[in-house]
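Enquirer: what follows is a predicted structure for the sequence shown.
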Amino acid sequence: MQPTQPTSLAGLADLLAPIDARAPRDGDFDFLARLYASTRLDLHSNTADPAFVASLIAMQQRLQGAGYRRDFPDAASMIIEQRGAPCGRMVVNVATDAVRLVDIALLAHARNQGIGRHILGALQRWAASQGMPLTLAVHHTNSQARRLYVALGFQSRSRTAFAEHLVWNNGTPSHELHAPPSPSPP
């Protein structure tokens, strides 16, 4: 992903406080591998050889990163820190018509602490300040995350075999978000 935060996300860091978000650094490789592995419990439960499972998880992480770079070449990848320690990562893409939370992941100890809710709230405020909806996709098996998204006002847009695509419009119907201003009455 991009080594620096693009200027298109200017102001987001202020909304995230006291949570910090920074660009990934060379020393983050082990953290990112551990973070990704923590999100793949489906593979850990496999009865296969642990070395094979570790290799499979590493391959899946590389494929995920390649897919994000291909599908969202301008996305910003950010390390989420709390009290100076990395606890997660998010990938955000700003397009002309929407802000997309491509991915968010938190280490197990950082889940259910309000960090994800805080980050999503900051992204909602930032997207609203840009006059754009915030979109994301949630895997069908991630019911806990889906409950959080719905509680924060996200609505279902579509479904695929693996995921549900959600949108948050700040109470504005999506067809009105980028409509040209109405002419003034005569």
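Expert: Received the coordinates, thanks. Numbers count the residues shown, from 1 in each chain.

Enquirer: in the protein, which spans are helices?
Expert: Per DSSP state H, the chain carries helices over the ranges 12-16, 29-38, 41-44, 50-71, 115-129, 143-151.

Enquirer: turn these into JSON lines, columns for mean neighbour count and distance to residue 108.
Expert: C-betas here are computed from N, CA, C, even on glycine. As requested, these are exported to JSON lines (neighbours: other CB atoms under 10 Å; distance: least, CB to CB, whole Å):
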{"stretch": "helix 12-16", "mean neighbour count": "17", "distance to residue 108": "21"}
{"stretch": "helix 29-38", "mean neighbour count": "15", "distance to residue 108": "6"}
{"stretch": "helix 41-44", "mean neighbour count": "12", "distance to residue 108": "10"}
{"stretch": "helix 50-71", "mean neighbour count": "13", "distance to residue 108": "15"}
{"stretch": "helix 115-129", "mean neighbour count": "19", "distance to residue 108": "12"}
{"stretch": "helix 143-151", "mean neighbour count": "14", "distance to residue 108": "12"}
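
Enquirer: what sits up against the lengthiest strand in the chain?
Expert: Ranked by residue count under DSSP state E, the longest strand found in the chain is strand 85-94. For strand 85-94, contacts defined as CB atoms under 8 Å, 6 or more residues apart in numbering pick out 1, 6, 8-9, 12, 21, 24, 28, 31-32, 35, 68, 72, 74-81, 99-107, 109-110, 115, 119, 123, 130, 132.

Enquirer: quick one: strands adjacent to it?
Expert: With DSSP bridges as the test, strand 85-94 is paired with strand 76-82 (antiparallel), strand 99-106 (antiparallel).

Enquirer: for the longest one, buried residues please.
Expert: It stands for strand 99-106. Buried residues in strand 99-106, counted by 16 or more other CB atoms under 10 Å: 99, 100, 101, 102, 103, 104, 105, 106.

Enquirer: residue 124 is in contact with residue 167, isn't it?
Expert: No - using CB atoms under 8 Å as the test, residue 124 is too far from residue 167 to be in contact (11.3 Å).

Enquirer: still on that earlier bit, between the longest strand of the chain and helix 29-38, how many degrees?
Expert: Between strand 85-94 and helix 29-38, the angle comes out at 80 degrees (axes from the mean of the first three to the mean of the last three CA atoms, to 10 degrees).

Enquirer: any shared contact partners between residue 124 and residue 167?
Expert: Listed as contacting both residue 124 and residue 167 by CB under 8 Å, 6+ apart are residue 134.

Enquirer: any chance of the strands paired with strand 85-94 in TSV with mean pLDDT as columns?
Expert: TSV is the format used below for those (pLDDT from 0 to 100):
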stretch	mean pLDDT
strand 76-82	95
strand 99-106	97
